[in-house]
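> structure of the sequence below:
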Amino acid sequence: MNNEEARKIDLLSVVSLYLEPQVNNNILGSATGFVVQYGQMPYLITNWHVVSGRNPNSGKLLSPETGATPDSIRIFHHTAKLGEWIITSEALYDSDGNPRWIEHKLGRKIDVVALPLSELDKVKLYPLDLRLAESKIIPQPGMPASIIGYPFGLSNFLWPIWKTGHIASDPDVDFDGCPIFLIDATTRSGMSGSPVVLRLTHTYYSNNVQGLVSEGVTTKFLGVYSGRIHNEAEIGKVWKPKVISEILTGAKYRLT
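The predicted structure follows:
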């Protein structure tokens with residue numbers, strides 16, 4: 001990919017990464033993740049169920065037929081030349097058998113984890129800027145929500161697929177007592193761990209002024225997608241950005 005082509009790639013398409021949980025080097029499936037930087041440490045953000053191989057609500061195996069749970073995860077990283085990828089494998093457990101990923105203080109109840117990255121030789125990181133969560137757009141039901149990931153493992157030469165639905169519940173109201181809001185979108189397996197964004201052009205309501213604001217393109221990071229709560233209605237869950245901050249704040253104390 002030449003420099004002119006690289007400039008045409010959306011910055012958020014560069015953020016999403018294709019993941020393959022595996023056990024004993026056998027691939028168990030596919031998922032999505034993205035990197036955030038906290039202090040000097042890069043972390044892979046994805047779902048708890050992706051790294052554990054278990055249902056976060058019941059703790060039961062996601063693959064009861066095989067009983068398999070992942071022991072590592074393959075990450076398709078960018079290299080210094082955009083458009084070329086390198087595959088790394090991050091262990092999910094340390095030498096004592098303890099999970100390397102960092103959970104929320106509420107544990108698996110929050111289906112989001114941060115995995116410290118250690119295998120970064122020849123890797124070029126493109127972390128998601130969490131300040132995008134502070135964009136002045138006020139998200140409202142009915143607004144578009146784009147899930148940037150890999151449905152059924154599909155990609156465009158490893159570039160993610162943007163699937164866009166709509167915000168289906170008031171984002172400021174926690175769903176079922178958890179920091180979640182709902183989206184109405186035709187999401188599929190492989191998209192777990194995808195970043196979800198709101199992107200608007202022209203006009204929107206703002207916290208800073210009364211009435212409508214007219215601008216170009218504005219993007220707001222809405223959270224982390226983690227699957228559907230109702231398959232037939234195609235209603236999915238998005239964990240709010242604050243859970244990432246809470247996980248990383250906890251990581252600071254655990255790693256010092």
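> so what's residue 199 closest to, chain neighbours aside?
Closest residue to residue 199 apart from its sequence neighbours, by Cβ to Cβ, 6 or more residues apart in numbering: residue 219 at 4.9 Å. Yep, even glycine has a C-beta here, placed from its N, CA and C like the rest.
> can you pull the buried residues of whichever strand or helix holds that neighbour?
For residue 219, the host element (DSSP states H and E) is strand 212-230. Buried residues in strand 212-230, defined by neighbour count with 16 or more other Cβ atoms under 10 Å: 213, 218-228.
> pairing partners for it, with directions?
Applying DSSP bridges, strand 212-230 is found paired with strand 195-205 (antiparallel), strand 235-239 (antiparallel).
> go through the ones you listed and pick out the most buried.
Ranked by mean neighbour count, the strands paired with strand 212-230 are led by strand 235-239 with a mean of 24 (mean count of other Cβ atoms under 10 Å).
> pretty sure residue 220 sits against residue 171.
No - contact status for residue 220 versus residue 171: not in contact, 9.9 Å apart, counting by Cβ atoms under 8 Å.
> shared neighbours, the two?
residue 139 (Cβ atoms under 8 Å, 6 or more residues apart in numbering).
> would you mind measuring from residue 25 to residue 61?
20 Å (Cβ to Cβ, to the nearest Å).
> same check on residue 149?
23 Å.
> neighbour count: these two, which is higher?
A direct count of neighbours by other Cβ atoms under 10 Å for residue 149 and residue 61 places residue 149 higher, at 31 against 15.
> can you give me the pLDDT of that one?
The model reports residue 149 with a pLDDT of 97.
> quick check: bridge partners of it?
The partner residues for residue 149, given DSSP bridges, come to residue 161.
> before we move on, what about residue 221?
residue 197.
> quick one: low-confidence ranges for the chain?
1-7, 202-215, 251-256 (pLDDT under 70).
> rerun at 90
Scanning the chain for pLDDT under 90 picks out 1-9, 39-40, 63-67, 136-137, 188, 200-218, 229-233, 249-256.
> would you map out the domains in this structure?
3-127, 130-245 (automatic domain parsing).
> straight-line length of the shortest one, end to end?
Taking Cα to Cα, to the nearest Å as the measure, domain 130-245 stretches 9 Å from start to finish.
> mind checking how far it is from the chain centre?
From the chain centre to the centre of domain 130-245 is a distance of 11 Å (Cα atoms, centre = their mean, to the nearest Å).
> ok, so of the buried residues of strand 212-230, who is nearest residue 194?
Taking Cβ to Cβ as the measure, residue 194 lies nearest residue 225 of the buried residues of strand 212-230, at 4.4 Å.
> surely that closest one and residue 191 touch.
Yes - in terms of Cβ under 8 Å, residue 225 counts as a neighbour of residue 191; the distance is 5.9 Å.
> identify the contacts common to these two.
Contacts common to residue 225 and residue 191, judged by Cβ under 8 Å, 6+ apart, are 32, 147, 149.
> return the closest of those residues with respect to residue 159.
Nearest member of the shared contacts of residue 225 and residue 191 to residue 159, counting by Cβ to Cβ, is residue 149, at 11.1 Å.
> for the closest one, which residues are in contact?
By Cβ under 8 Å, 6+ apart, the neighbours of residue 149 are 16, 32, 160-161, 163, 190-195, 225.
> who wins on neighbours among these?
Neighbour max across the contacts of residue 149 (other Cβ under 10 Å) = residue 194, 33 neighbours.
> for residue 15, see how far away that residue is.
From residue 194 to residue 15 the distance is 10 Å (Cβ to Cβ).
> what touches both of the two?
The contact sets of residue 194 and residue 15 overlap at 34, 148 (Cβ under 8 Å, 6+ apart).
> now the helices: where do they sit in the protein?
3-7, 11-15, 48-52, 242-255 (DSSP state H).
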